[in-house]
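Participant: A predicted structure for the sequence below; I have some questions about it.
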Number of protein chains: 2
Amino acid sequence: MVFVIERPRGTRDFSVKEMEKRKFVEEKLRSTFQSFGFQEIQTPTFEQLDLFTMKSGESIIDELYSFTDKGGRNLALRPELTAPVIRMYVDQLQMESKPLKLFYFGNCYRYDRPQKGRYREFMQAGCELIGTNTPEALSELIAMAYHLLVKVDIKDITLDIGNLKLLTMIFKKMNINKDQQKQLFPLIDKELFSDVTEMLEDFNFENNEIKQFISFIQQSNIEEIECYLNDDEDALKEVHKMKQLIHFLDSCFEVKDFHLNLGIVRGLDYYQGVVFEIKAPKLGAEKQICGGGEYDLISLFNGRKTHTSGFALGFDRTILSMELEDVSFPSKGLDYFIVPVNDDMIDIAIQIAMRLRLKEKRVDIDLMKRGIGKAMKYAGSKNTSKVIIIGPREIENNMVTLRDMATGNQQMLSIDTLDPIEA
Amino acid sequence: MVFVIERPRGTRDFSVKEMEKRKFVEEKLRSTFQSFGFQEIQTPTFEQLDLFTMKSGESIIDELYSFTDKGGRNLALRPELTAPVIRMYVDQLQMESKPLKLFYFGNCYRYDRPQKGRYREFMQAGCELIGTNTPEALSELIAMAYHLLVKVDIKDITLDIGNLKLLTMIFKKMNINKDQQKQLFPLIDKELFSDVTEMLEDFNFENNEIKQFISFIQQSNIEEIECYLNDDEDALKEVHKMKQLIHFLDSCFEVKDFHLNLGIVRGLDYYQGVVFEIKAPKLGAEKQICGGGEYDLISLFNGRKTHTSGFALGFDRTILSMELEDVSFPSKGLDYFIVPVNDDMIDIAIQIAMRLRLKEKRVDIDLMKRGIGKAMKYAGSKNTSKVIIIGPREIENNMVTLRDMATGNQQMLSIDTLDPIEA
């Protein structure tokens, strides 16, 4: 029997080709975060288990990779990055000048049933905005999420913006109590409007009330909401905030297409105020690619109260969306592959390679002593731009043969002109 | 009582400043790996526990973060990256054309007592060369390790190259048996030469034999070794290989300073043939920054036999060495900080920001509605190059004020000339 150790279920190895894609996308996202004035941080891969149960309740333990270390501490591989970042903020960053605009990339872990686009180890990109909740700042946050996806050429996306404060005020005015809200939330989240209608009928609401509620959560119109809540001063303030936010997105942040949608409730208890989701419909059932909004974790972690918002972007789904939209990924390959035709040419081959490497060129040398034909084939498999052939007759005159792999053209060149031509 | 969740012992949060350093170093190392024709891959953060016990024995379990997943599988956070990469190779890459030159960055985990420069979660860079063991290829591998450190401006390093085959042949010729070798290895590894002498005396070796052995492992000279082993044909082959390797390093790969040192035995059982270590003496007790050599893991994992070599580079120690040598790290900061002097200027401020962001500039807007003085202070804290002040009088003439934060110079500029000037 041949004993083979398998990769753990739900995890992945990334080949050279896949890593090229991932690094390309990561760099695009990183420079976009930075162009919006966000700065990168990093937290540990595992945290104390309490951090995640405090945020999400004990039930999350079932979805976690948790373990006890040799000191008896309960630890868990992080399932998400917001709780660790807020832990770090409360720990170390509370005195920094505000707003704090932080972003990060990190692997996260969930003990999930593996399925298409869902893995047990997956990468998330995300950010937190700490210290402000002005409409300018929140619209900038949402605009950044949108432009991150635009920047990697994903065209087919939908952006929906909700507001949990306004939804709560509508609940209050309709006299839908907390218990009823809890039952409604999952149905609203899944856009099961006929089920929402049925449940409201069960709660003995009148038809016109139900119809209006469905309209609020299906085709939300800020004027309609303003009209409905016009006797509540707090609500009008929140309406005004949303109007400004919509204005900034529309007129300043170059976000072409988005919808106000009070049906966006997000899965988690800790969101409040403005929330948003970006979906890539081409992804099918698992189409949400980005989600976030205003939340409070700082008070839970005993930090000094301040406004916080942020979002997470699924890195794997981002790449999957790009692939589904046939976005082309640049392939780097080798700049040069150097072939010494015999053993006497090896020294000079290495010396030329080192000269090109000092100029940051990607260079490989044929060190397998195979024939030129096989060496060419290998160069091709490594996506090489140019092959340099070093033969004894040429080298006597300080010359080499340069072959362009795209055109097949070959020319003789002086060694000294090799670098400047390509610099 | 205020309840605060602490970061797990031995782990770290990386601040904005630290991440800038780490990303700078990572990119330098990445481009150097690539310039040598190596290509990046990635494996999962955890593996089956067996993978690591097969390589290093059951005793490694004490140093691992191991856990059982909900399916009853024994898993472990990886303590190192070679075993996972060879697992991936045996799994998926055996059919690729050789040589395979793979590099990677990854966090690793050891349940160690935390101390200076040693963490429970730490990053390693490393590489594997699969499919060749020619002196050209092995000297290129060693040269790359050296140039990785040169590239990040670490000047104070020592490179020692050993050869376990030659050492074994010397043991054989001296009639030092396996059991005695095992006792000697840790002493040789720690350069405890007087202890080695004592032990050989205990083994009843003669003084001149002991003296010669110490000379082999302390100031190794390839001619001396050749002379000693000249009746062993296999030994002379290996001597010839080392001579070539030394020639290539010296004359072709621009490795200025290195020593043949048969005292380099490496801690692990699985090394064989050429081995090497790079130390940064400034690091003190924990001064080894890079180590590697020829090894065999493929046959253990039931792959088809082929030559393998590689090395690991401690990322944290690399950064620590750079700091100890006062290497300067570039700080990115913001290209522009835009200050609208009143609410009417916010729209145009955002529009200008978005125009600059599309050109990949790092731009932030003052969205806190504080005074210009405070905004300037904030811009300074974010290491800003230029501040753009947008006032109502200027904007009427399509102008803004541009302040150079380094010189303090201010000038009025037309909005339309803002981008091209900086492009």
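Facilitator: Received the coordinates, thanks.
Participant: Can you classify the closest residue to chain B within the stretch 301-423 of chain A as helix, strand or coil?
Facilitator: Proximity to chain B, evaluated over the stretch 301-423 of chain A using CB to the nearest CB, is greatest for A:Asp364 at 3.1 Å. C-beta: built from backbone N, CA, C; applies to glycine. For A:Asp364, the assignment made with DSSP: H, G, I helix; E, B strand; the rest coil gives strand.
Participant: Mind telling me what element the nearest residue to it once chain neighbours are set aside is part of?
Facilitator: Leaving aside its chain neighbours, A:Asp364 sits nearest to B:Gly37 (3.1 Å; criterion: CB to CB, 6 or more residues apart in numbering or on different chains). Under DSSP states H and E, no helix or strand contains B:Gly37.
Participant: so who does the residue of the stretch 301-423 of chain A closest to chain B touch?
Facilitator: Residues in contact with A:Asp364, defined by CB atoms under 8 Å, 6 or more residues apart in numbering or on different chains, are A:334, A:336-338, A:353, A:379, A:382, A:384, B:36-37, B:101.
Participant: Pipe these into TSV and attach distance to A:Glu238 and pLDDT per row.
Facilitator: Formatted as TSV, those follow (distance: CB to CB, whole Å; pLDDT from 0 to 100):
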residue	distance to A:Glu238	pLDDT
A:Leu334	57	95
A:Tyr336	61	96
A:Phe337	63	96
A:Ile338	66	96
A:Ala353	64	96
A:Ala379	63	93
A:Lys382	58	90
A:Thr384	60	95
B:Phe36	58	97
B:Gly37	59	96
B:Lys101	58	97
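Participant: Can you say which two of these are spatially most distant?
Facilitator: The most widely separated members of the contacts of A:Asp364 are A:Ala379 and B:Phe36, with 15.5 Å between them, by CB to CB.
Participant: wait, isn't A:Ile217 in contact with A:Leu262?
Facilitator: Yes - the pair formed by A:Ile217 and A:Leu262 meets the contact definition of CB atoms under 8 Å, at 5.0 Å.
Participant: Mutual contacts of those two, please.
Facilitator: With CB under 8 Å, 6+ apart as the test, A:Ile217 and A:Leu262 both reach A:Leu167.
Participant: okay, these two: which has more neighbours?
Facilitator: Shown here are A:Ile217 and A:Leu262; by other CB atoms under 10 Å in any protein chain shown, A:Leu262 has more neighbours (26 against 21).
Participant: Return the residues in contact with the residue nearest to A:Lys382 when sequence neighbours are not counted.
Facilitator: Leaving aside its sequence neighbours, A:Lys382 sits nearest to A:Leu334 (CB to CB, 6+ apart; 5.1 Å). A:Leu334 makes contact with A:362-364, A:379, A:382-385, B:37 under the criterion CB under 8 Å, 6+ apart.
Participant: could you give me the average pLDDT of the host helix or strand of A:Leu159?
Facilitator: Using DSSP H and E, A:Leu159 sits in strand A:158-163. With pLDDT averaged residue by residue, strand A:158-163 scores 96.
Participant: again, but for stretch A:74-89
Facilitator: Per-residue scores along stretch A:74-89 average to 96.
Participant: Ok, stretch A:183-203 next?
Facilitator: Mean predicted lDDT for stretch A:183-203 stands at 93.
Participant: From A:Ile278, how far off is A:Val327?
Facilitator: 16 Å (CB to CB, to the nearest Å).
Participant: just the helices in the stretch 151-300 of chain A please.
Facilitator: For the stretch 151-300 of chain A, helices defined by DSSP state H, counting those that start in this stretch occupy the ranges A:164-174, A:178-189, A:193-202, A:207-218, A:222-228, A:233-251.
Participant: Output the contacting helices and strands for the longest one.
Facilitator: Judged by 3 or more CB pairs under 8 Å, 6 or more residues apart in numbering or on different chains; DSSP states H and E, helix A:233-251 is in contact with helix A:135-151, strand A:158-163, helix A:164-174, helix A:222-228, strand A:271-279, helix B:346-358.
Participant: which stretch among those comes nearest A:Met405?
Facilitator: helix A:135-151 (30.8 Å).
Participant: who are the neighbours in contact with the closest residue to chain B within the stretch 51-200 of chain A?
Facilitator: For the stretch 51-200 of chain A, the residue closest to chain B is A:Phe67, as judged by CB to the nearest CB, at 3.5 Å. Residues in contact with A:Phe67, defined by CB under 8 Å, 6+ apart, are A:74-76, B:65-67.
Participant: helix/strand/coil for it?
Facilitator: strand.
Participant: do the same with the one 4 residues further on
Facilitator: With three-state DSSP as the basis, the three-state label of A:Gly71 is coil.
Participant: I'd guess A:Glu394 is in a strand, am I close?
Facilitator: No - counting by three-state DSSP, one finds A:Glu394 to be helix, located in no strand.
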